[in-house]
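Engineer: Any chance you can model this:
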Amino acid sequence: MTRVQLPDAEWQFIEPYLPVGEYGPYPERLRQQFEGVIWHFKSGSQWRETPREFGAWSTVHNRFRQWRDAGAFEALLEGAISEAAKRGEVDLSLAKGGGPPEQDGQAPEREERRRIRRRRRIRLKAPPLGGARDGQTSKAHVAGERKCRPLVFVMTKGQAADSPQFITVLEKVRVRGTIGRPRTRPDAVAGDKAYSSRGNRAYLSKRRIKAVIPEKVDQSANRRKKGSLGGRPVGHDAELHKDRNTVERLINKLRAWRGRATRYDKSPTSYLAGLHLRGAMTWIKDLTRAAA
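Structural biologist: Predicted coordinates for the structure are as follows:
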């Protein structure tokens with residue numbers, strides 16, 4: 001026996017998101033195979049080392065590839081965040097959508113077709129691999145809410161800087177509630193000095209988002225050197241910035257799974273699927289714990 005067996009409450013939430021063929025019998029041992037995928041990413045072991053309790057290692061690996069290509073792990077993460085939003089358990093004080101919710105007139109079938117097409121376009125893109133001294137590598141960017149739970153992941157090439165991805169990550173934040181359109185505009189965004197660029201601040205100001213980002217020393221000196229032409233001093237909420245470490249604590253949660261900390265996957269798509277799975281399980285465990 002292993003320690004990754006899923007409780008019944010968690011499996012009841014996960015099972016509807018796993019794609020099953022329209023024809024033929026229902027797959028046997030589907031729950032054990034999903035637990036085998038969790039074991040693989042949690043331990044960082046090779047697929048061939050998968051315990052027999054989860055079935056043949058090749059079957060578990062094939063199931064993972066099918067779920068990865070179908071976007072099941074990303075859909076599971078989105079569903080968990082949506083369920084938490086419906087229960088009012090998403091703390092977005094640093095990444096919270098503002099304004100009243102608006103009605104969405106699109107039919108559920110049309111929205112589902114759009115999701116399928118969007119995931120298909122993502123899968124058809126070239127793998128985000130970049131050159132480095134040790135070979136090709138990639139980098140994951142994450143945005144989280146105040147309770148150290150992930151909202152979105154973005155994969156880039158390994159040599160890509162963090163600041164240019166700031167807007168890209170924020171554009172992908174979508175928290176779908178009970179009714180209306182997804183909430184995409186947070187009340188405030190916290191970051192370190194690496195994100196203190198004029199473009200990032202202009203973007204936050206345009207969307208009426210409070211920037212909790214300290215100013216770099218050289219930027220402050222250049223602004224004072226220009227005098228009145230340098231503009232107003234940058235506002236900074238020091239008290240709110242104390243919660244900036246929620247991102248680091250979130251990353252530590254992700255690295256609790258050894259397979260996510262060591263990056264043994266050969267392709268960025270598999271690594272990103274593992275991140276989606278880890279993030280989804282973080283939300284699901286909190287949901288089931290709150291409902292108990």
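Engineer: show me where this structure has strands.
Structural biologist: Remark: strands assigned in the chain by DSSP state E are 138-144, 150-157, 188-190, 210-212.
Engineer: Can you list the strands that the first one pairs with?
Structural biologist: Counting by DSSP bridges, the strands paired with strand 138-144 are strand 150-157 (antiparallel).
Engineer: Go ahead and name everything in contact with the partner strand.
Structural biologist: Strand 150-157 is contacted from outside by 77, 81, 95, 128-130, 137-145, 165, 168-169, 172-175, 250, 254, 268, 271-272, 275-276, 279, 282, using Cβ atoms under 8 Å, 6 or more residues apart in numbering. Bear in mind the C-beta positions are built from the backbone N, C-alpha and C, glycine included.
Engineer: of the residues you listed, buried ones?
Structural biologist: Taking 16 or more other Cβ atoms under 10 Å as the criterion, what is buried in the contacts of strand 150-157 is 77, 81, 95, 128-129, 137-145, 165, 169, 173, 175, 250, 254, 268, 271-272, 275-276, 279, 282.
Engineer: quick revisit: of the strands of the chain, which is nearest residue 67?
Structural biologist: Closest to residue 67 of the strands of the chain is strand 150-157 (Cβ to Cβ; 16.2 Å).
Engineer: top helix in the protein by residue count?
Structural biologist: Scanning the chain for the helix with the most residues, using DSSP state H, yields helix 268-291.
Engineer: Buried residues in that helix, which are they?
Structural biologist: 268-284, 287-288.
Engineer: now it against strand 138-144, angle please.
Structural biologist: Per axes from the mean of the first three to the mean of the last three Cα atoms, to 10 degrees, the angle that helix 268-291 makes with strand 138-144 is 20 degrees.
Engineer: Which neighbouring elements make contact with helix 268-291?
Structural biologist: Under the contact criterion of 3 or more Cβ pairs under 8 Å, 6 or more residues apart in numbering; DSSP states H and E, helix 268-291 touches helix 8-14, helix 30-43, helix 57-69, helix 72-86, strand 138-144, strand 150-157, helix 246-254, helix 258-262.
Engineer: from the middle of its chain, how far away would stretch 228-243 be?
Structural biologist: 28 Å (Cα atoms, centre = their mean, to the nearest Å).
Engineer: which residues are in contact with it?
Structural biologist: So stretch 228-243 is contacted by 94, 146, 188, 190, 196, 201, 210-215, 220, 222-224 (Cβ under 8 Å, 6+ apart).
Engineer: Now for the protein, the helix or strand with the poorest mean pLDDT.
Structural biologist: Every helix and strand of the chain was ranked by mean pLDDT, DSSP states H and E. The lowest is helix 108-124, at a mean of 65.
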